[in-house]
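Engineer: pasting the structure only:
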């Protein structure tokens with residue numbers, strides 16, 4: 001029996017084209033940008049795709065909307081759609097943390113309406129007097145904001161009023177925000193991902209040694225609670241009480257590490273000094 005490949009892969013062209021065609025028929029967008037794991041060719045089996053959908057905004061609509069897309073004929077991909085107008089997309093182009101900044105930097109345009117000049121995708125560069133450098137806006141306030149949210153999610157997870165499943169949801173969110181705060185504090189861009197082990201690896205590759213013990217299998221189980229439940233998908237196939245018990249101490253140690261390090265890292269990144 002043939003084995004299913006577990007290697008990261010690019011999206012299937014036929015399924016991607018079917019998804020784009022359905023989105024175009026339904027929403028009449030100006031531009032669609034594929035980003036996330038699909039754009040990075042890191043898709044796992046069963047992955048969905050992330051699409052930035054730029055379209056005209058109707059009166060009363062929020063600047064940014066998140067929509068869960070499911071193919072109507074089974075031919076395409078399930079997708080997380082980020083809907084916004086062109087002005088909002090361009091305003092966040094250089095941001096290190098705003099979703100449109102991440103999408104436009106790491107993504108690629110897969111549809112443009114014929115009457116529209118698309119917003120360029122890929123890294124942007126500017127002249128610093130000596131050479132072309134990546135035009136990335138360092139946003140220490142975002143690291144501080146994310147760290148604050150990490151603490152809030154931690155408190156909710158531990159308030160004694162939550163079910164085991166919701167404790168896992170809040171713990172996953174706390175750890176994701178703490179890891180992204182550390183990444184930004186080191187002057188790095190965060191990628192559009194929610195997998196705790198991948199975010200942890202990104203922080204360590206940036207030069208940070210996290211003072212917490214990591215159980216990769218347990219964190220993979222916890223990650224499922226961050227994505228599987230937010231759109232009403234079936235519950236992850238893990239015992240939430242076991243997952244909570246296996247990851248709570250790691251989450252607490254990670255949060256304490258981030259609280260001790262983020263301010264110092266921001267100061268060092270701002271001054272350009274070595275760690």
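Structural biologist: Ah, there it is. None of the values given here were measured: they were computed from a predicted structure. Numbering: from 1, shown residues only.
Engineer: Next, residue 58: secondary structure please.
Structural biologist: Following DSSP: H, G, I helix; E, B strand; the rest coil, we place residue 58 in the coil state.
Engineer: count of neighbours near it?
Structural biologist: Using other CB atoms under 10 Å, residue 58 has 7 other residues around it. C-beta: built from backbone N, CA, C; applies to glycine.
Engineer: for residue 245, same thing?
Structural biologist: 12.
Engineer: which SS class is it?
Structural biologist: helix.
Engineer: Next, work out how far apart it and residue 239 are.
Structural biologist: Going from residue 245 to residue 239 by CB to CB, to the nearest Å gives 9 Å.
Engineer: Which residue, other than its chain neighbours, is closest to residue 100?
Structural biologist: Nearest residue to residue 100 in three dimensions, chain neighbours excluded: residue 92, at 4.2 Å (CB to CB, 6 or more residues apart in numbering).
Engineer: do residue 88 as well
Structural biologist: Closest to residue 88 by CB to CB, 6+ apart is residue 63, at 4.7 Å.
Engineer: now do residue 105
Structural biologist: residue 123 (5.6 Å).
Engineer: How about the contacts made by the residue nearest the centre of the chain?
Structural biologist: For the chain, residue 192 is the residue whose C-alpha lies nearest the centre (CA atoms, centre = their mean; 2.7 Å). The contact partners of residue 192, by CB atoms under 8 Å, 6 or more residues apart in numbering, come to 35, 36, 50, 99, 102, 103, 106.
Engineer: hmm, 6 Å instead?
Structural biologist: The neighbourhood of residue 192, defined by CB atoms under 6 Å, 6 or more residues apart in numbering, consists of 35, 36, 102.
Engineer: For it, which three-state class applies?
Structural biologist: What three-state DSSP gives for residue 192 is coil.
Engineer: got a pLDDT number for residue 41?
Structural biologist: For residue 41, the model assigns a pLDDT of 88.
Engineer: tally of neighbours for the nearest residue to it once chain neighbours are set aside?
Structural biologist: Among residues not flanking residue 41 along the chain, residue 10 sits closest, at 4.2 Å (CB to CB, 6+ apart). Neighbour count for residue 10, taken as other CB under 10 Å: 13.
Engineer: Quick check, residue 10 in contact with residue 39.
Structural biologist: No: assessed by CB atoms under 6 Å, residue 10 is found out of contact with residue 39, at 8.9 Å.
Engineer: can you list contacts of the strand or helix carrying residue 90?
Structural biologist: Using DSSP states H and E, residue 90 maps to helix 86-91. Here helix 86-91 makes contact (CB under 6 Å, 6+ apart) with 54, 63, 100, 119.
Engineer: Give me the contact list for the helix or strand in which the third one is found.
Structural biologist: By that I understand residue 100. In this structure, residue 100 sits in helix 99-106 according to DSSP H and E. Residues outside helix 99-106 that contact it (CB under 6 Å, 6+ apart): 33, 35, 39, 52, 82, 89, 92, 93, 95, 121, 123, 192.
Engineer: repeat that for 7 Å
Structural biologist: 33, 35, 39-40, 52, 82, 84, 88-89, 92-95, 119, 121-123, 190-192 (CB atoms under 7 Å, 6 or more residues apart in numbering).
Engineer: do stretch 253-265 as well
Structural biologist: Under CB under 7 Å, 6+ apart, the answer for stretch 253-265 is 143-144, 147, 150-151, 154, 174-175, 178, 181-182, 185-186, 210-212.
Engineer: what's the helix or strand for the nearest residue to residue 168 once chain neighbours are set aside?
Structural biologist: Nearest residue to residue 168, sequence neighbours excluded (CB to CB, 6+ apart): residue 225, at 4.0 Å. Element membership of residue 225 [criterion: DSSP H and E] is helix 216-227.
Engineer: following the lowest-mean-pLDDT helix or strand in the chain, which helix or strand comes up?
Structural biologist: Here the helix or strand of the chain ranked lowest by mean pLDDT, DSSP states H and E is strand 132-134, holding a mean of 57. Using DSSP H and E, the helix or strand that follows strand 132-134 towards the C-terminus is helix 140-157.
Engineer: which of the residues in that next one are buried?
Structural biologist: For helix 140-157, burial by neighbour count (16 or more other CB atoms under 10 Å) applies to 140, 142-144, 146-147, 149-151, 153-154, 156-157.
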